[in-house]
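Enquirer: got a predicted model here, sequence first, then my questions.
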Amino acid sequence: MKPICLLLVVSLLSIFTRAQTAYYVDINGNDQNDGTTPATPWKTIQKACNSAIPNSVVYIKGGTYNENIVVNVSGTAGNPIIFRNYQNDVVYIDGTGTTGSTMLSVTNKSYLSFQNLTIQNRTVNDAQGILVETTGSDSSTELSFRNITIKNIKWTSSPLTVPASNNNAQPFIAYGGDGGITHIEIDSCKIFDNILGYSEALTLDGNVDGFIISNCQVHDNTNIGIDIAGNYQVSSDAATDHARNGIVTSNKCYKNVSLVATSAGIYVDGGKNVVIERNKCYENGSGIEIGCEENGTTDSIIVKNNLVFNNTSTGLYIGGYTTATTGQVLNCMIRNNTLFRNNSSNDGNGELVISKASNCVFKNNIFYTNAQNIFMYVDSIAPQIANVFDYNCWYTPNNDSNDISVNWRSMYYDSFSSYRAGTAQDSNSIFNNPYFYSTTISSPDLRLLNMSPCYNAGDSATELSYNETSYDGNLRLLDGVIDMGAYEIIFALGLNTDDSKSQPCFVSPNPASDIVLIKVEISNNESVPINIYNIVGQLVKSEILKQNQKEINVMDLCNGVYMIDIVSQGKIERQKLVIQR
């Protein structure tokens with residue numbers, strides 16, 4: 001029996017270690033070749049998209065491929081097909097001289113990955129860079145697009161031509177029909193210099209369940225940057241006609257401005273259960289918008305840890321905007337965002353606009369206005385029920401809490417105190433300078449100085465996601481209380497709030513894994529107690545530093561967030577310490 005068992009094990013190992021099949025494409029190749037060696041490549045990417053098998057990688061050599069490509073193959077679970085550049089070659093899929101309107105079409109296909117490609121140069125009405133769709137009851141799953149550049153996809157060659165509603169171009173569009181699209185990832189892509197008409201630069205629409213859009217740069221497009229959409233009858237089942245259960249994270253969306261509408265850097269319109277976090281949105285029509293244009297709802301959107309500044313109309317817009325539809329926004333959480341000097345058009349919107357939205361919470365945010373001193377505009381349109389503001393920091397550049405402006409459902413408030421009394425909102429909020437590192441509008445640095453009143457001023461009951469980080473990647477909750485805004489102060493020293501003075505103590509690295517170095521002046525006869533507390537205030541480690549000892553071993557501490565107290569020269573200096581391995 002032993003030889004049989006051994007044979008079975010060897011057989012299984014051969015299955016699980018099966019090597020990928022490699023194919024090659026070269027503009028100097030021939031589609032009559034077998035495509036299996038660099039010396040016998042295919043000529044066209046289309047040939048590879050007709051012929052590649054599961055568990056294969058298609059290497060595309062550098063050059064310009066003038067093709068309209070239709071993907072006619074799928075991988076299988078655990079055996080995807082990868083289409084990518086060869087080594088470090090630069091690959092252009094170029095629409096110049098082609099006859100189709102779509103550069104790369106993926107319909108009802110699964111287990112595919114596209115990497116390190118540039119798609120460019122198609123000017124025709126309804127031009128599309130990448131189209132992903134499902135039709136009928138067919139489905140699609142496990143698609144990834146990494147480091148894809150999409151540019152110069154245009155409905156017209158002139159960016160100043162005012163479009164009609166039927167003038168469109170879509171650099172990246174995914175339509176989930178009845179069968180739906182699940183698990184689609186778009187990472188580290190660049191989408192720019194596209195003339196969109198009434199469309200968007202990157203859109204997921206309809207029955208798209210499970211997605212991530214991360215680390216992308218979407219800029220200089222003539223309409224909305226990223227759009228998570230629903231309620232447009234892409235799926236015949238209203239319950240599934242929503243892009244949902246996804247994350248939009250760590251993207252930069254800027255200069256996405258329409259000639260005919262207010263275009264957001266990031267827009268959710270009919271989406272459900274979407275997290276928008278750690279994005280930077282600036283110089284768009286609006287920074288982030290949670291809207292609902294059609295009949296139905298946009299529901300359960302979390303907007304957190306984002307930077308939103310210098311957008312034309314407003315920083316954040318939330319709500320259905322018209323009585324012509326039932327569209328409304330429900331059950332959203334807007335927290336720990338930093339909004340800075342938005343509404344650059346100075347038309348009275350301020351940092352925030354609210355229309356048909358209910359059961360939405362706005363907390364732990366920083367709202368720093370421009371010279372209009374306008375906090376927000378709250379439309380009187382209904383329904384609008386049970387929205388809550390609290391634990392926010394509000395500030396105007398004139399530093400006068402008695403010279404602010406709030407339009408709250410046609411009631412006007414001109415002081416922070418009258419706004420709070422008249423609306424019964426923001427009872428635990430503050431009017432105070434948040435003290436940013438730099439308030440230069442062209443390139444602000446919105447980190448908080450150690451003297452910031454936003455330090456530990458958020459709601460202590462804030463519910464965080466697992467391992468949640470601030471905008472810059474630091475763990476969010478330190479010393480038991482979250483900071484206001486998108487950043488968490490890491491090196492805040494508890495007793496020294498004057499940043500103009502040198503800080504005598506410093507802990508590095510932070511985050512740390514094994515050893516931390518304490519930079520502190522110690523005289524010959526002095527001892528410096530070091531106490532480390534966990535997040536609930538329990539003392540977990542205590543040491544005494546002498547003059548020649550500056551290091552502490554923290555290998556015995558679990559991953560997490562701690563406070564470290566350094567008793568030096570009669571003062572307790574407190575810093576946040578992150579252990580991360």
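Expert: Done, it's in.
Enquirer: which strands and helices sit next to the helix or strand harbouring residue 227?
Expert: Using DSSP states H and E, the element containing residue 227 is strand 226-229. Counting by 3 or more C-beta pairs under 8 Å, 6 or more residues apart in numbering; DSSP states H and E, the packing neighbours recorded for strand 226-229 are strand 202-214, strand 244-249, strand 264-269. Every C-beta, even on glycine, is put in place using the N, C-alpha and C of the backbone.
Enquirer: please redo it, this time with the cut-off set to 6 Å
Expert: Judged by 3 or more C-beta pairs under 6 Å, 6 or more residues apart in numbering; DSSP states H and E, the packing partners of strand 226-229 are strand 202-214, strand 264-269.
Enquirer: could you measure residue 422 against residue 316, distance?
Expert: Between residue 422 and residue 316 the computed distance is 22 Å (C-beta to C-beta, to the nearest Å).
Enquirer: same thing with residue 218?
Expert: On the measure of C-beta to C-beta, residue 218 and residue 316 end up 18 Å apart.
Enquirer: higher neighbour count, the two?
Expert: Using other C-beta atoms under 10 Å, the more surrounded residue of residue 218 and residue 316 is residue 218, with 31 against 27.
Enquirer: pretty sure the more buried one is touching residue 252, no?
Expert: No - Residue 218 is beyond contact range of residue 252, at 7.3 Å (criterion: C-beta atoms under 6 Å).
Enquirer: just the strands in the stretch 101-250 of the chain please.
Expert: Under the criterion DSSP state E, counting those that start in this stretch, the stretch 101-250 of the chain carries strands at the ranges 102-107, 112-123, 127-133, 140-154, 169-187, 190-192, 202-214, 217-221, 226-229, 244-249.
Enquirer: mind putting the helices and strands packed on strand 226-229 into TSV with distance to residue 489 and mean pLDDT?
Expert: TSV is the format used below for the helices and strands packed on strand 226-229 (distance: least, C-beta to C-beta, whole Å; pLDDT from 0 to 100):
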stretch	distance to residue 489	mean pLDDT
strand 202-214	25	98
strand 264-269	26	98
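Enquirer: hey, which of the ones you listed is tucked in deepest?
Expert: Most buried of the helices and strands packed on strand 226-229, by mean neighbour count (mean count of other C-beta atoms under 10 Å): strand 264-269, with a mean of 30.
Enquirer: now it: how far from the chain's centre is it?
Expert: 11 Å (C-alpha atoms, centre = their mean, to the nearest Å).
Enquirer: now stretch 254-263: buried residues?
Expert: Buried residues in stretch 254-263, counted by 16 or more other C-beta atoms under 10 Å: 254, 256-258, 262-263.
Enquirer: follow-up on the earlier one: in JSON lines: the strands of the stretch 101-250 of the chain, plus distance to residue 509.
Expert: Shown next, in JSON lines, are the strands of the stretch 101-250 of the chain (distance: least, C-beta to C-beta, whole Å):
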{"stretch": "strand 102-107", "distance to residue 509": "43"}
{"stretch": "strand 112-123", "distance to residue 509": "32"}
{"stretch": "strand 127-133", "distance to residue 509": "41"}
{"stretch": "strand 140-154", "distance to residue 509": "29"}
{"stretch": "strand 169-187", "distance to residue 509": "27"}
{"stretch": "strand 190-192", "distance to residue 509": "32"}
{"stretch": "strand 202-214", "distance to residue 509": "25"}
{"stretch": "strand 217-221", "distance to residue 509": "29"}
{"stretch": "strand 226-229", "distance to residue 509": "34"}
{"stretch": "strand 244-249", "distance to residue 509": "25"}
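Enquirer: packed most tightly, which of these would that be?
Expert: Comparing the strands of the stretch 101-250 of the chain by mean neighbour count (mean count of other C-beta under 10 Å), strand 226-229 ranks first with a mean of 28.
Enquirer: what's across from the spatially most central residue of the chain in the sheet?
Expert: Nearest to the geometric centre of the chain sits residue 249, at 2.2 Å (C-alpha atoms, centre = their mean). Beta-bridge partners recorded for residue 249 (DSSP bridges): residue 214, residue 277.
Enquirer: I'd say it and residue 276 touch.
Expert: No - judged on C-beta under 6 Å, residue 249 makes no contact with residue 276 at a distance of 7.6 Å.
Enquirer: tell me how far residue 300 lies from residue 330.
Expert: Look at residue 300 and residue 330: by C-beta to C-beta, they are 7 Å apart.
Enquirer: more neighbours, those two?
Expert: Taking neighbours as other C-beta under 10 Å, residue 300 and residue 330 compare with residue 330 leading, 21 against 18.
Enquirer: next up, the contacts around the more buried one.
Expert: By C-beta atoms under 6 Å, 6 or more residues apart in numbering, the contact set of residue 330 is 297, 299, 358-359.
Enquirer: for those residues, give me CSV that also has secondary structure, distance to residue 119 and neighbour count.
Expert: Listed next are those as CSV, based on DSSP: H, G, I helix; E, B strand; the rest coil; distance: C-beta to C-beta, whole Å; neighbours: other C-beta atoms under 10 Å:
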residue, secondary structure, distance to residue 119, neighbour count
297, strand, 34, 21
299, strand, 33, 22
358, strand, 41, 17
359, coil, 41, 14
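Enquirer: okay if I get those as a markdown table plus pLDDT?
Expert: Formatted as a markdown table, the contacts of residue 330 follow (pLDDT from 0 to 100):
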| residue | pLDDT |
| --- | --- |
| 297 | 98 |
| 299 | 98 |
| 358 | 98 |
| 359 | 98 |
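Enquirer: now residue 392: closest residue in space, sequence neighbours ignored.
Expert: Excluding its sequence neighbours, the residue lying closest to residue 392 (C-beta to C-beta, 6 or more residues apart in numbering) is residue 429, at 4.4 Å.
Enquirer: please apply the same query to residue 98.
Expert: Leaving aside its sequence neighbours, residue 98 sits nearest to residue 68 (C-beta to C-beta, 6+ apart; 5.0 Å).
Enquirer: wait, isn't the one you found in contact with residue 96?
Expert: No - using C-beta under 6 Å, residue 68 makes no contact with residue 96, being 11.4 Å away.
Enquirer: between those two, which is the more surrounded one?
Expert: Neighbour tally, residue 68 and residue 96, criterion other C-beta under 10 Å: the higher count belongs to residue 68, 17 against 12.
Enquirer: look up how far residue 213 lies from the more buried one.
Expert: According to C-beta to C-beta, residue 68 stands 25 Å off from residue 213.
Enquirer: could you pull out the strands for the stretch 351-500 of the chain?
Expert: Remark: strands assigned in the stretch 351-500 of the chain by DSSP E, counting those that start in this stretch are 352-354, 357-358, 361-363, 366-368, 374-378, 388-390, 393-395, 405-408, 411-413, 430-431, 436-438, 445-448.
Enquirer: which of these sits closest to residue 72?
Expert: Closest of these to residue 72 is strand 357-358, at 44.4 Å (criterion: C-beta to C-beta).
Enquirer: paired strands for the closest one, with orientation please.
Expert: Per DSSP bridges, strand 357-358 is paired in its sheet with strand 328-330 (parallel).
Enquirer: and the partner strand, how far out from the chain middle?
Expert: Centre-to-centre, strand 328-330 and its host chain are 21 Å apart (C-alpha atoms, centre = their mean).
Enquirer: following the chain past that strand, name the next helix or strand.
Expert: Following strand 328-330 in sequence order, the next helix or strand is strand 333-335 (DSSP H and E).
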